[in-house]
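>>> give me the fold of what follows.
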Amino acid sequence: MIAVHSMGDAFSGVDCVRLLETVRDAVPRDAGLVRQGRDHNLRRADLVWLDDVADTEWVMERMIDLVRTANREVFGFDVTEFAESPQVAHYGAERGGHFGWHSDIGEGRLAERRKLTIVVQLSEPEAYEGGDLDLMPGAGIVTADRGQGAATLFPSFVLHRVTPVTRGDRHSLTVWCHGTPFR
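Modelled structure (predicted):
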């Protein structure tokens, strides 16, 4: 089975609140798909890209450390860079926030070189219902840890989804690391 790696204490609750407060006044963008496509039947969320937000450098530093450790201990992929900005996603019940089954590797100069995906839960688990990050690394479905600050790392070709949020708001942080395309 392809590994899905979880780190329950990747970010503290204080760090999660700090990041959410930092992005609160940023203007979100409607979440798109690779190559700027939109399909609200597949994905409905709002995104804030951290490259557009001041005082968030610490987030990428933390993400790099987490990926470095997990890649060394679990995956062993040839990772060469982080070529995309981290994103904070908001999946709200008022819009039926969700993201259907997909992989993070796709067409496009950057998407075709994604090797690892890391997702950090920023919301407290009691703040929303639904909104599970489900992964399909093999024949079965694995549901990611919903704990605030928990990180889930997985190969970017693994199918995954966010189930519809039915109450409240789910916030998560995602970044991809890149390398030569899988062969």
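
>>> could you use CA atoms for every contact and neighbour count after this?
OK.

>>> what are the ranges of the helices in the protein?
13-23, 57-70 (DSSP state H).

>>> can you put the ones you listed in a markdown table and add distance to R183 and mean pLDDT?
Listed next are those as a markdown table, based on distance: least, CA to CA, whole Å; pLDDT from 0 to 100:
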| stretch | distance to R183 | mean pLDDT |
| --- | --- | --- |
| helix 13-23 | 36 | 97 |
| helix 57-70 | 21 | 95 |
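
>>> so can I have a markdown table of these showing distance to D78 and mean neighbour count?
Shown next, in a markdown table, are those (distance: least, CA to CA, whole Å; neighbours: other CA atoms under 10 Å):
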| stretch | distance to D78 | mean neighbour count |
| --- | --- | --- |
| helix 13-23 | 29 | 16 |
| helix 57-70 | 11 | 15 |
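
>>> who's sitting farthest from the centroid in this protein?
R183 (24.0 Å; CA atoms, centre = their mean).

>>> just the pLDDT at that one, thanks.
If you check R183, the pLDDT there is 76.

>>> check D9 too.
With respect to pLDDT, D9 scores 90.

>>> isn't it up against T152?
No - the pair D9 / T152 is not scored as a contact, 10.7 Å apart, by CA atoms under 8 Å.

>>> which of the helices of the chain sits closest to R167?
helix 13-23 (18.6 Å; CA to CA).

>>> what angle sits between that closest one and helix 57-70?
Angle between the axes of helix 13-23 and helix 57-70 is 130 degrees (criterion: axes from the mean of the first three to the mean of the last three CA atoms, to 10 degrees).

>>> alright, I will stop here.
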